[in-house]
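Asker: please work out how this folds:
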Amino acid sequence: FGLPFSTYVSRATAGTLRCSTVWYLSHRKRQPAPFDKLTTAIARINTDGVAGPVTFLLDNASYEQGEVFPIKIVQFPGTSIVNTLTIKPNSNKNVTITASKLTDGSGIPGVLQMDGADNIIIDGSNTASGNSRNLTIINNNSNYTARTVVWISSNGTNGANNISISNTNLQINYTNGGESILSGIFSGSNSRTGTNALSGTSATAANSDLIVKNNGFVNLRQGMVIKGGVADDLRSSNILFSSNSLGGGATDAQKTSTAVLFSYVKNVNILDNSVITLANVNTSDPNLGIVIDNSENTVIKRNILQDVKTSAAYNCRAIWIKGYNKNVEISENKISNIKNTVGGSIYGIHLDVTPESLQMLLANNFISEVSSTGSFANSGMGIVVANGIGTRIYHNTVALNVAQTGTSSAIYFAGGTNLDVRNNIFLLIYTIMFR
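Answerer: Residues are numbered from 1 along each chain as shown. This next block holds a predicted model:
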């Protein structure tokens, strides 16, 4: 690795990078152009492709000036599960990639875009197989446009697959306006609006095999948004969202509202995430916490959801499962201090599913301090089951131990058939009315 940069370039023949190539991206004088910028290095890979795994080692403290955003990776020649492209900080380096556009009315829809590209690894640790977060990626656009930090996009009939994002801080500096998407990661189509904003539309081909692990999500409205297509072959599948941290902020407007918003997905694991101090301040956005809209084979397990509130949307939930769902497990989650301060209802877990949804399991969850300032039916409830066939509810503890004036339930059944409820603890105190 101590060899001059030109030595690594010489390993490429016929315009194709050879096995185990490492590129240093640095502004130091010994680094000849065009590889002093991430934009030009990506352009080279897009054109020439690879014949083995390639790593870009980021050697500067900052990548901003002279970069063209979004930096787009397309499906380059030679890519495979073995021939991956890895982007990571060099040893002992702390690196920031910042996309700024502060002067005109157009937006920056994303900082990094995988546009139908496969086999991409973003690893923010500056050590081999490490878990430190030494890479920060910032969308610093101040305009009132929908945007993201990392954009995983389908390109026509070509989806973006086998994408891994780990050990990275994902940040938006200006969460202004009422845009529905201001996310750390967005997976969907590659379309934009007339103001160069993220359109937020569903994928035109499945973006699948996505790993998002040990990232920090900072000053965002949503952590990760996936919009798969309605048709089965357009649904995103094989998704791991694990060990990430979300939430926080000095004011409610700076806090994340939705950790996960996945639509039309299958084979999903949402595991071991820390979701602390969320707030919804947007009256037109009912999403809060973890939201799954139409899924199959989904596991939501061992997550912490704590200090979650809505001060705008009238009805919210910490975990919201809606639409048609099959084989969903929600287990071993800790949900606490969930509040509605505008007088509407709020639920710890809401199975807001279609009547034909089936094979859902709620087990060993701990839910406490769910409350609302509302009256009558507008109140806090622990678990609400709207529909579904054969839902199993085992070994949960639900303690509604905060004062509220409306009717309240530790568990409430609005519908559903063949329900199986066993060995749970339901505690209800400090309410005037209950059911």
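Asker: list the contacts for the residue lying closest to Met224 once chain neighbours are set aside?
Answerer: Nearest residue to Met224 in three dimensions, chain neighbours excluded: Ile185, at 4.3 Å (CB to CB, 6 or more residues apart in numbering). C-beta coordinates here come from the backbone N, C-alpha and C atoms, glycine included. Shown in contact with Ile185 (CB atoms under 8 Å, 6 or more residues apart in numbering): 148-152, 165, 170, 212, 223-225.
Asker: switch to 10 Å and redo it
Answerer: With contacts defined as CB atoms under 10 Å, 6 or more residues apart in numbering, Ile185 is in contact with 110, 112, 148-152, 163, 165, 168, 170, 210, 212, 215, 217, 220, 222-226, 241, 244.
Asker: okay, and which of those residues map to helices?
Answerer: Applying DSSP state H to these, no entry is found in helices.
Asker: give the pairing partners of the longest strand along the chain; include direction for each.
Answerer: Scanning the chain for the longest strand, with DSSP state E as the assignment, gives strand 316-331. Here strand 316-331 has these sheet partners by DSSP bridges: strand 289-301 (parallel), strand 346-353 (parallel), strand 358-363 (parallel).
Asker: now do the spatially most central residue of the chain, the pLDDT please.
Answerer: Centroid-nearest residue in the chain, with CA atoms, centre = their mean: Met224, separated by 1.6 Å. Here the pLDDT value assigned to Met224 is 98.
Asker: you'd agree it is up against Thr258?
Answerer: Yes - between Met224 and Thr258 there is a contact under CB atoms under 10 Å: 9.1 Å.
Asker: any residues in contact with both of those two?
Answerer: Going by CB under 10 Å, 6+ apart, residues that sit against Met224 and also against Thr258 are 183, 246.
Asker: that older thread, now distance to Val370, mean neighbour count and mean pLDDT too, for the strands paired with strand 316-331, in a markdown table please.
Answerer: Output for those, formatted as a markdown table (distance: least, CB to CB, whole Å; neighbours: other CB atoms under 10 Å; pLDDT from 0 to 100):
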| stretch | distance to Val370 | mean neighbour count | mean pLDDT |
| --- | --- | --- | --- |
| strand 289-301 | 12 | 22 | 97 |
| strand 346-353 | 5 | 27 | 96 |
| strand 358-363 | 15 | 20 | 98 |
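Asker: pLDDT of the next helix-or-strand element following the longest strand of the chain, averaged?
Answerer: For strand 316-331, the following helix or strand on the C-terminal side (DSSP states H and E) is strand 334-340. Confidence over strand 334-340 (mean pLDDT, whole number) is 95.
Asker: ditto for stretch 411-431
Answerer: So the average pLDDT for stretch 411-431 ends up being 91.
Asker: next, the buried residues of that stretch.
Answerer: By 16 or more other CB atoms under 10 Å, the buried positions in stretch 411-431 come out as 411-413, 416, 421, 424, 426, 428, 431.
Asker: can you dump the C-alpha atoms of that stretch in PDB for me?
Answerer: This file holds the C-alpha atoms of stretch 411-431, laid out as PDB (Å, rounded to 0.1, in the frame of the first residue of the first chain):
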ATOM      1  CA  ILE A 411     -54.500  -4.400  24.300                       C
ATOM      2  CA  TYR A 412     -57.500  -3.700  22.100                       C
ATOM      3  CA  PHE A 413     -59.100  -5.900  19.400                       C
ATOM      4  CA  ALA A 414     -60.900  -4.000  16.600                       C
ATOM      5  CA  GLY A 415     -61.000  -7.100  14.500                       C
ATOM      6  CA  GLY A 416     -59.200 -10.300  13.600                       C
ATOM      7  CA  THR A 417     -60.100 -14.000  13.600                       C
ATOM      8  CA  ASN A 418     -58.600 -17.100  15.200                       C
ATOM      9  CA  LEU A 419     -56.600 -15.000  17.600                       C
ATOM     10  CA  ASP A 420     -54.200 -16.800  20.100                       C
ATOM     11  CA  VAL A 421     -53.400 -14.700  23.200                       C
ATOM     12  CA  ARG A 422     -51.400 -16.400  25.900                       C
ATOM     13  CA  ASN A 423     -49.300 -15.700  29.000                       C
ATOM     14  CA  ASN A 424     -49.200 -11.900  28.700                       C
ATOM     15  CA  ILE A 425     -49.100  -9.300  31.500                       C
ATOM     16  CA  PHE A 426     -51.400  -6.300  31.000                       C
ATOM     17  CA  LEU A 427     -51.300  -3.400  33.500                       C
ATOM     18  CA  LEU A 428     -53.500  -0.400  33.300                       C
ATOM     19  CA  ILE A 429     -53.300   2.400  35.900                       C
ATOM     20  CA  TYR A 430     -53.700   6.200  36.100                       C
ATOM     21  CA  THR A 431     -56.600   6.400  33.600                       C
END
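Asker: quick check on Asp252: phi, psi?
Answerer: phi -60, psi -40 (degrees, to the nearest 10).
Asker: ok, it - contacts?
Answerer: Counting by CB under 10 Å, 6+ apart, Asp252 touches 277-281, 309-312, 341.
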